[in-house]
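Asks: need a 3D model of the following:
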Amino acid sequence: MRKERHRTPLPPTEADGTVRPVRTHCPYCAYQCGMLVGAAASGKLTIAGDPDFPVNAGALCVKGWTAAETLSHGERLRAPLVRNAAGHLVPTDWATAIDRVAAGIRAIQRAHCRDAMAVFGGGSLTNEKAYLLGKLARVVLRTANIDYNGRFCMSSAAAAGLRAFGLDRGLPFPVSDIAGAEVILLVGGNVAETMPPIMRYFDAQAAAGGRLIVADPRRTTTVQRATLHLRLTPGTDAVLANGLLHVLIHERLIDEDYIRRRTEGFEALRAHVATYWPERVERLSGVPQADLMAAARMLGTARTALILTARGAEQQSQGVGNVLAFINLALAMGRVGMPFSGYGCLTGQGNGQGGREHGQKADQLPGYRRLDDKDARAHVAALWGVHAADLPAPGLSAAELLAAMGEDGGIHGLFVMGSNPVISAPNAIDVAARLKRLDLLVVSDFFLSETAELADVVLPSAQWAEEDGTMTNLEGRVLRRRRVVAPPAGVRTDLQIIHALARALGQPHGFSASPRAVLKELRTVTSGAPADYAGITPERITREKGVFWPCPSVRHPGTPRLFAERFPTRTGKARFHRVRHLSPAESPDAEYPFFLTTGRVLTHYQSGTQTRRVPQLLKASPEAFAEMHPAAARRLGIADGAALTIATRRGQASFRLRTTAGIREDTIFVPFHWAGAQSANRLTIDALDPISRMPEFKVCAARVAGNNDTQRTKHR
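Replies: Alright, predicted model coming up:
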């Protein structure tokens, strides 16, 4: 077995054997709360919120407080696994596992083509891992087909930001601006459950007399704190945005001077939204005219106003259009680039921002350079020591990549790092079947996830407190993840795994396993790019409690607020876009009479690979549930708390019924954290936004299943 290298020394210990607390960050969402993590002499980790980190100021949610539970969990993978001739996963040594992966990759690419081997990354990977994984795909495998699960999270908002502003950063302002906004419009987000520590800013905003408007089909925990709830029909977000702009224009609550100086394309938009009068908007969206007018007037008369979107608006087959329509609102009011104002997207995954900046997205090179840009290809290729012509073209997006598995001329091998598509991908029954058809499936993970259970080779990887690296939170602040304890014996970091694969495939250089060395290379490669990290060093991050990109030199202060003077477009102006609302790919009908929508709950995270293994969290939420209006449940003769099965045209899943008057009568909500028969993504549709290729997780047609549904869905 290869000798382990690049081990970081453990933090200093006290006389009693305890480890002094180390400043690091939570392994879950993009808020990236600061943590103080120490270890007792027994080895048990202790977690406290970091009171000196400005984003959370010591606050943590229940997932953060219990984050250490997964590190010593009994189901932790501690040796590589390979599938034997009998079809069982059995332990092996690292040399055998890496050799098997390398041989499998060579065989696939010889038998088919380079693009037959694909890579699927994750929005939880550090910046260094995301960068090196993209480099591995394009320099070593030379495959076009690399994408990641962030395609299921941020892609619609990213595409909209690029089109409107010329740049995508989730929040182009510090998160603290939330507290200073007189009015906030939050569209499709339940931050009180999905990002609880951010509520300190919403609470401060409310205490100062600020008002919160929430657009959501459900009366969520966040809605309960709102001034006004716009309970729209699922899939009508663009209708709502166009209607709000119609009212703003009609009542002369737009900023004509800002529009003239800093934007282009408004007159065409003005004519377009003239057709979205309040009566029509009510008919299409279900939002009463009075509420529409009240919301528009709140926004238009406020001195400062923020518009925030989240997955509810973005995870649709018209997600880009939805976001552009709300960006139109912010631009028309003259808010973008102003303090306590503008548009922002609430990023979901831990490194959802940095993960999409540095090359694991199908069409991007590091620093947000485009893979189809001739100059960008030449620049990055020169730094990587390869010919620009040898870099592949843009490949398939995540859902399209998964749909191509096992197809003639498609994907025959897949390397998954930091993702669990059997649970997280839409139309998951089909995804699982396709994974089984691959010639080679390799998964790097710290538990035997539902995807890893299907793998030919499983590589055990280090967790958050066992590695160094950098993360980029929802406001574009680059942070340090610090190692607190060593990984278990037999476990390697993902950087060490990438390093070993590159060596086994004939690339002994250029794939360091040292996070500091990889960050240094990333800084060089992103220099001059839109997401410029050139001036961001570990020392600066520590000293300044994070550094905002772009930061082109070590003397540059970083950029907490974007767009204050100009936009990074050809003309320096932001662009309005006419957004014509479209129906969802699938709407309710006589056979499937409900809208089905999905989302998160407080105590679980993403595919549940971590949180379903934490006893405190599992006790609080032990099983999946379906939320339905009491009147709808009565019509179906189903009592609150009863077991029920929900079916769509793709499959069915089982839930426990929760009735609530806070949801629309035509809508069912289910969380997506569970596996097997409780997996919500067995139901969701893989219809894609034509620009972002975002799947339509938030809208499809469903029914409460009867006795004949098993056969019905099986034979569709």
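
Asks: roughly how far apart are the nearest residue to F563 once chain neighbours are set aside and G546?
Replies: The spatial neighbour of F563 that comes closest, neighbours along the chain excluded (C-beta to C-beta, 6 or more residues apart in numbering), is G337 at 3.7 Å. Quick note: C-beta positions are derived from backbone N, CA and C, even for glycine. Separation of G337 from G546 (C-beta to C-beta, to the nearest Å): 21 Å.

Asks: in terms of neighbours, single out the busier of the two.
Replies: When neighbours are counted by other C-beta atoms under 10 Å, G546 comes out ahead of the other of G337 and G546, with 27 against 23.

Asks: report the contact partners of the closest residue to that one other than its chain neighbours.
Replies: Nearest non-adjacent residue to G546, counting by C-beta to C-beta, 6+ apart: R477, 3.9 Å away. Taking C-beta atoms under 8 Å, 6 or more residues apart in numbering, we find R477 in contact with Q32, V55, G546, V547, F548, P560.

Asks: K698 against N322, yeah?
Replies: No. Assessed by C-beta atoms under 8 Å, K698 is found out of contact with N322, at 10.0 Å.

Asks: on that earlier part again, okay, the residue nearest to G546: pLDDT?
Replies: The model reports R477 with a pLDDT of 98.

Asks: tally of neighbours for E623?
Replies: 11.

Asks: I'd like to know how far it sits from A653.
Replies: As defined by C-beta to C-beta, E623 lies at a distance of 12 Å from A653.

Asks: what about the helices in the stretch 51-200 of the chain?
Replies: 62-65, 94-111, 127-135, 155-165, 191-194, 199-207 (DSSP state H, counting those that start in this stretch).

Asks: which residues of this protein score low on pLDDT?
Replies: Residue ranges of the chain with pLDDT under 70: 1-19, 41-43, 706-716.

Asks: gap between the most centrally placed residue in it and G300?
Replies: For the chain, the residue nearest the mean C-alpha position is C153 (3.5 Å; C-alpha atoms, centre = their mean). As judged by C-beta to C-beta, C153 and G300 stand 31 Å apart.

Asks: got it, and T70?
Replies: For T70, the distance to G300 equals 47 Å [C-beta to C-beta].

Asks: one more: I541?
Replies: With C-beta to C-beta as the criterion, I541 and G300 are 40 Å apart.

Asks: related to what we said a few turns ago, pick the most deeply packed of the helices of the stretch 51-200 of the chain.
Replies: Among the helices of the stretch 51-200 of the chain, ranked by average contacts under mean count of other C-beta atoms under 10 Å, first place goes to helix 127-135 (a mean of 29).

Asks: CA atoms only for that one, dumped as PDB, please.
Replies: Extracted in PDB, the C-alpha atoms of helix 127-135 (Å, rounded to 0.1, in the frame of the first residue of the first chain):
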ATOM      1  CA  ASN A 127     -12.700  24.500  -3.900                       C
ATOM      2  CA  GLU A 128      -9.500  22.500  -4.100                       C
ATOM      3  CA  LYS A 129     -11.300  19.200  -4.800                       C
ATOM      4  CA  ALA A 130     -13.700  20.800  -7.300                       C
ATOM      5  CA  TYR A 131     -10.800  22.300  -9.100                       C
ATOM      6  CA  LEU A 132      -8.700  19.100  -9.200                       C
ATOM      7  CA  LEU A 133     -11.600  16.900 -10.100                       C
ATOM      8  CA  GLY A 134     -12.300  19.100 -13.200                       C
ATOM      9  CA  LYS A 135      -8.700  19.000 -14.100                       C
END
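
Asks: what are the contacting residues of it?
Replies: Contact partners of helix 127-135, identified using C-beta under 8 Å, 6+ apart, comprise 119, 121, 125, 146, 148, 351, 354-355, 357-360, 364-366, 384, 417-418, 469-472, 478, 494-495, 498, 510-511, 515, 518-519, 521-522, 525, 533.

Asks: which of the residues you listed are buried?
Replies: Burial by neighbour count, 16 or more other C-beta atoms under 10 Å: within these this picks out 119, 121, 125, 146, 148, 351, 354-355, 357-360, 364-366, 384, 417-418, 469-472, 478, 494-495, 498, 510-511, 515, 518-519, 521-522, 525, 533.

Asks: so which of those residues belong to strands?
Replies: If you go by DSSP state E, the buried ones among the contacts of helix 127-135 have V119, G121, I146, Y148, Q364, L365, M417, G469, T470, M471, T472, V478 in strands.

Asks: go ahead and confirm the last one touches Y533.
Replies: Yes. Under the criterion of C-beta under 8 Å, V478 lies in contact with Y533, with a separation of 6.8 Å.

Asks: shared neighbours of these two, which are they?
Replies: Listed as contacting both V478 and Y533 by C-beta under 8 Å, 6+ apart are N127, W549, C551.

Asks: doesn't F594 make contact with C700?
Replies: No. Judged on C-beta under 8 Å, C700 makes no contact with F594 at a distance of 9.5 Å.

Asks: which of those two has more neighbours?
Replies: More neighbours surround C700 than the other of C700 and F594, with 29 against 24 (other C-beta under 10 Å).

Asks: picking that back up, with distance to A241 added, can I get the ones in strands among the buried ones among the contacts of helix 127-135 in TSV?
Replies: What follows is these, written out as TSV (distance: C-beta to C-beta, whole Å):
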residue	distance to A241
V119	36
G121	32
I146	33
Y148	28
Q364	27
L365	32
M417	37
G469	38
T470	35
M471	31
T472	28
V478	32
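
Asks: between those, which is closest to G312?
Replies: Minimum distance to G312 across these is 21.5 Å, recorded for Y148 (C-beta to C-beta).

Asks: so what's that closest one bridging to?
Replies: Beta-bridge pairing of Y148 under DSSP bridges involves G121.
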